[in-house]
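K.L.:
Okay, predicted coordinates and the sequence, questions at the end:
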Amino acid sequence: MVKRVLVIAGAALGVVLVAVLLFGNSGKSDPVTFTEGGVDVKVEFLDTGLVGDRVKVTLKPEAIDGYMAAAVTLEVSGDLAPIAPVDLPHALTKKDVPVPVFAAGAARVEVKVKRASDKPGKATVKVGYQACDKTGCKPAVVGKTVTLTLK
């Protein structure tokens, strides 16, 4: 009976270890949120183990019928360095919006990154975006800078 319990406990521990290796701690930084240019923005560092660390920016237009213009920019520096091109959603052309846009709702933009070290540090994330709807586009937000504190 004791041997059976030990085997089950060992198997459960193995599953947990594999999950940590594959998916990491899922965030060694608190997200930064702000609203500017008619858009709710969330910037976060995702520590995702073997899948790779990422900086993810979620852009959600405040307008119910709002879109994000496809001209989103994302730069990362400091204790995080990009190791791949920025991953953007597929852009759409809509008759009632003057520029290419992402699908209605929140747009998620990501870039794979590498930490300078496992020690605490800071990363600078610079993002640019523009919200649009069928009446036109708001002024672009260019080079909005936020700091992520890496734990």
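P.N.:
Everything's here; your move.
K.L.:
which residue ranges form the strands in the protein?
P.N.:
Taking DSSP state E as the test, the strands found in the chain are 32-36, 39-46, 54-61, 67-68, 73-78, 80-82, 107-115, 121-129, 131-133, 136-137, 141-150.
K.L.:
which one of the ones you listed is the most hemmed in?
P.N.:
strand 67-68 (a mean of 25; mean count of other C-beta atoms under 10 Å). (C-beta placed from N, C-alpha, C; glycine too.)
K.L.:
partners of the residue nearest the centre of the chain in the sheet?
P.N.:
Centroid-nearest residue in the chain: K56, 0.8 Å away (criterion: C-alpha atoms, centre = their mean). On the basis of DSSP bridges, K56 takes part in beta bridges with E44, E110.
K.L.:
Identify the residues contacting it.
P.N.:
K56 makes contact with 43-44, 46, 108-110, according to C-beta atoms under 8 Å, 6 or more residues apart in numbering.
K.L.:
and which of those residues is nearest to V72?
P.N.:
V109 (5.4 Å; C-beta to C-beta).
K.L.:
Contact partners for the residue nearest to that closest one when sequence neighbours are not counted?
P.N.:
The shortest distance from V109 to any non-neighbouring residue, by C-beta to C-beta, 6 or more residues apart in numbering, is to V57 (4.7 Å). With contact taken as C-beta under 8 Å, 6+ apart, V57 is in contact with 41-44, 72, 74, 108-110, 125, 127.
K.L.:
TSV for those, including pLDDT?
P.N.:
Shown next, in TSV, are the contacts of V57 (pLDDT from 0 to 100):
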residue	pLDDT
V41	97
K42	98
V43	98
E44	97
V72	93
L74	96
R108	95
V109	96
E110	96
V125	98
V127	98
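K.L.:
which pair in those residues spans the largest distance?
P.N.:
E44 and V72, at 15.8 Å, using C-beta to C-beta across the contacts of V57.
K.L.:
Give me the spatial nearest neighbour of T73, chain neighbours excluded.
P.N.:
Nearest one to T73, counting by C-beta to C-beta, 6+ apart, is G128 at 3.9 Å.
K.L.:
Contact partners for the one you found?
P.N.:
71-74, 140-144.
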